[in-house]
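J.: Here's a sequence, model it:
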Amino acid sequence: MDFPAYNFALLGETDVREEIIAPLLRHLGYRSGTLHNVIREQHLSYPQLALGRRKAGDPFLRGKADYICEAGGQVRWVIEAKAPGEALDQLVEEQAWSYANHQEIRAVYFVVTNGREFKLYQTNRGPDAPALFECAYAEMPERLVTIENLLSPTAILRAHPVQEVDTGEPIGPGLRSIVRVTSGQIQYLKLSVPVPPLREMIMTLTDGVVERNQDGTLEAHLWTLVPFRSLQELNEKLGLDQMRLVSASRVVSTDPSNPTVFESERSTILPKGTVALNMMDWTETVLPTNITAVIRTRATGVLAETRFTGEFLASIQYLEFGITLVIEGVFHLQLA
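T.: I've put the predicted structure just below:
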């Protein structure tokens, strides 16, 4: 985007609109008649009390919003343009806020500019709040990236996602009916068979979801990652990189005396000839026969705000070898 060296003494309000605002909106990605629409000079009417400071006997009010920008056709912000000779004082801020806060617009931000200055405000903070961002025209080339990060359609939709009404039963207090697992860890504390590399192992939870199955009880799906490539590959062969655990509970407990229990059990077969990790000596070996592994997991925990924590017990039983590895530890999940 170009920023010519204007002589602002020769410019009027129309020039500010055509030479500064219009190119900026095009640069940000707004076009009339598109998904990221621009509505110009929309006339607005106000009830007598719409501006708060006015009295019930005051005359009916009318106004005209210079620019209404719609990100994704959903989230709005407005611009009020003034001539370079006009000060961007409190009256101008109140005027722009009245447009942004109008019941027909409900804009998240409003901007006031006279070409010389550019000021951005957050509507729900009221007309007297300080600007979130401001800069002079001479500073705009260097600060254009910041303006993009505030007002581009992508930035607007990222900062103000459309809220969906969740009418389902909450997973727990303060949670929705489906929750994401945004992060978490499983820490090994005790093993039944001495496997030094697994002692104090920390397994990272990279993603997950907790939801209800068809009978209304809880079900958790977790994706995991361990720090050793060879062990991660073994976990993938055993299906431990993705876990599905079910509970008999309908909600996650907040009572330590009555925790929520999630359990899973699955069997998998490692075919003869598979190259797999031998955890006893941490070498890779070719399996001489089919190996059947029965994996059982039990996680017991409670919810505190958005954090689900507790203890877990897991066992891996290798049927052909008559060996069972039992792992005890603790876990925490961050829910959103």
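J.: Can you list the buried residues in stretch 270-290?
T.: 270, 276-277, 279 (16 or more other C-beta atoms under 10 Å). Just so you know, the C-beta spots here come from the backbone N, C-alpha and C atoms, and that holds for glycine as well.
J.: which one is residue 2 nearest to, not counting chain neighbours?
T.: residue 23 (7.5 Å; C-beta to C-beta, 6 or more residues apart in numbering).
J.: Any idea which residue is closest to the centre of the protein?
T.: Central residue of the chain (C-alpha atoms, centre = their mean): residue 158, 8.0 Å from the mean position.
J.: Now do that residue against residue 222, distance only.
T.: 26 Å (C-beta to C-beta, to the nearest Å).
J.: Show me what the helix or strand containing residue 334 is packed up against.
T.: Assessed by DSSP states H and E, residue 334 sits inside strand 323-335. If contacts are counted by 3 or more C-beta pairs under 8 Å, 6 or more residues apart in numbering; DSSP states H and E, strand 323-335 sits against strand 179-191, strand 202-212, strand 291-304, strand 307-318.
J.: would you turn those into a markdown table with distance to residue 100?
T.: Formatted as a markdown table, the helices and strands packed on strand 323-335 follow (distance: least, C-beta to C-beta, whole Å):
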| stretch | distance to residue 100 |
| --- | --- |
| strand 179-191 | 32 |
| strand 202-212 | 37 |
| strand 291-304 | 39 |
| strand 307-318 | 37 |
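J.: Output those as a markdown table; include the columns mean pLDDT and distance to residue 7.
T.: Putting the helices and strands packed on strand 323-335 into a markdown table (pLDDT from 0 to 100; distance: least, C-beta to C-beta, whole Å) gives the following:
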| stretch | mean pLDDT | distance to residue 7 |
| --- | --- | --- |
| strand 179-191 | 93 | 53 |
| strand 202-212 | 92 | 56 |
| strand 291-304 | 95 | 62 |
| strand 307-318 | 95 | 59 |
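J.: Could you report the neighbour count for the spatially closest residue to residue 304 that is not a sequence neighbour?
T.: Nearest non-adjacent residue to residue 304, counting by C-beta to C-beta, 6+ apart: residue 254, 7.0 Å away. Neighbourhood size, residue 254 [other C-beta atoms under 10 Å]: 16.
J.: How about residue 197?
T.: 13.
J.: for residue 297, same thing?
T.: By other C-beta under 10 Å, 21 other residues sit near residue 297.
J.: can you check the one 3 residues further on too?
T.: Counted with other C-beta under 10 Å, the neighbours of residue 300 add up to 15.
J.: What residues are bridge-paired with it?
T.: residue 261, residue 311 (DSSP bridges).
J.: give me every residue that touches it.
T.: 259-262, 310-312 (C-beta atoms under 8 Å, 6 or more residues apart in numbering).
J.: repeat for residue 218
T.: Applying C-beta under 8 Å, 6+ apart, the residues near residue 218 are 171, 210-212, 246-247, 249-252, 260, 262.
J.: Going through those residues, which ones are buried?
T.: 171, 210, 212, 246-247, 249, 251-252, 260, 262.
J.: Make CSV out of the residues you listed and add distance to residue 27.
T.: Below are the buried ones among the contacts of residue 218 laid out as CSV (distance: C-beta to C-beta, whole Å):
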residue, distance to residue 27
171, 43
210, 43
212, 46
246, 52
247, 52
249, 53
251, 49
252, 47
260, 51
262, 51
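J.: I'd say residue 129 and residue 120 touch.
T.: No. Applying C-beta atoms under 8 Å as the test, residue 129 and residue 120 come out as separate, 11.3 Å apart.
J.: related to what we said a few turns ago, how about CSV for the contacts of residue 218, with distance to residue 147 added?
T.: What follows is these, written out as CSV (distance: C-beta to C-beta, whole Å):
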residue, distance to residue 147
171, 39
210, 39
211, 40
212, 44
246, 49
247, 48
249, 49
250, 48
251, 45
252, 43
260, 47
262, 47
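J.: between those, which is closest to residue 95?
T.: residue 171 (45.4 Å; C-beta to C-beta).
J.: Residue 179 is in contact with that closest one, correct?
T.: Yes. Counting by C-beta under 8 Å, residue 179 is a contact partner of residue 171 at 5.1 Å.
J.: Now do the shared contacts for those two.
T.: 210-211, 335.
J.: pLDDT below threshold where in the protein?
T.: 43-63, 163-164 (pLDDT under 70).
J.: Helices of that one, start to end?
T.: In the chain, helices defined by DSSP state H lie at 13-15, 22-28, 90-100, 140-151, 153-159, 229-238, listed in chain order.
J.: Domain map for this structure?
T.: Per automatic domain parsing, the domain ranges recorded for the chain read 8-159, 179-335.
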